[in-house]
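# Turn this into a structure:
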Amino acid sequence: MMTSSTILALISTLAASRPFKLEEVDRLMATSLKPEVSVSNAYFTVYRAKDTAKAPLHNVELRVPTSKSHRKDGLLLFEIAPSTCVTQEQARHHFGPSPELSVPTPHQPPDSPIYLSYSQPWGSLRLGFSRTAKACLVSVVLDADK
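Residues are numbered from 1 along each chain as shown. Sure thing, here's the model as predicted:
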């Protein structure tokens, strides 16, 4: 089972591993991403895996831009089971004290996470926290759009 600090370190390692390559993401996340033809399109090839060997990580999705896309790199998304609770305080200590806060709108589902967004030279890192009393990290988005 991963600890809070190993989850934060993995996020940093994934960010440093850009451009995102299928084999490297598979290796770092101990998963086996498979193409999802039903959601892929002319601009992105989408790969998904439900489970990883690194519990509590799951629902990994990698979107790799095609030659028709104007993006320089892809998008990596994954969820974290709340059993290993990474707090906002731990995330701020690891990634910096001044993220942009993104609160769900009233039109979003009531369990939508609150996101801390960190602007990076390569794009953005968005960390989604549950809106429960513990406010644990539940989702991660690495959007390498620059």
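# wouldn't V138 be in contact with F129 here?
Yes: the pair V138 / F129 is scored as a contact, 6.6 Å apart, by C-beta atoms under 8 Å. (C-beta placed from N, C-alpha, C; glycine too.)
# Can you get me the start-to-end distance on stretch 33-46?
The straight-line separation of the ends of stretch 33-46 (C-alpha to C-alpha, to the nearest Å) is 9 Å.
# so how far is it off the chain centroid?
17 Å (C-alpha atoms, centre = their mean, to the nearest Å).
# so how far is stretch 107-123 off the chain centroid?
10 Å.
# same question but for stretch 4-13, I mixed them up
On C-alpha atoms, centre = their mean, the centre of stretch 4-13 falls 11 Å from that of its chain.
# Buried residues, that stretch. List them.
In terms of neighbour count (16 or more other C-beta atoms under 10 Å), stretch 4-13 has its buried residues at 4, 7-8, 10-11.
# Which ones among the residues you listed map onto helices?
The helices, defined by DSSP state H, take in 4, 7-8, 10-11 from the buried residues of stretch 4-13.
# And the strands in the chain?
Here the chain has its strands, by DSSP state E, at 34-35, 44-51, 57-65, 75-80, 100-102, 114-120, 123-129, 137-143.
# ok so, going back, now the ones in helices among the buried residues of stretch 4-13 as CSV including pLDDT and distance to D111?
Converted to CSV, those look like this (pLDDT from 0 to 100; distance: C-beta to C-beta, whole Å):
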residue, pLDDT, distance to D111
S4, 94, 22
I7, 96, 21
L8, 97, 23
L10, 97, 24
I11, 98, 22
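# Cheers, nothing more for now.
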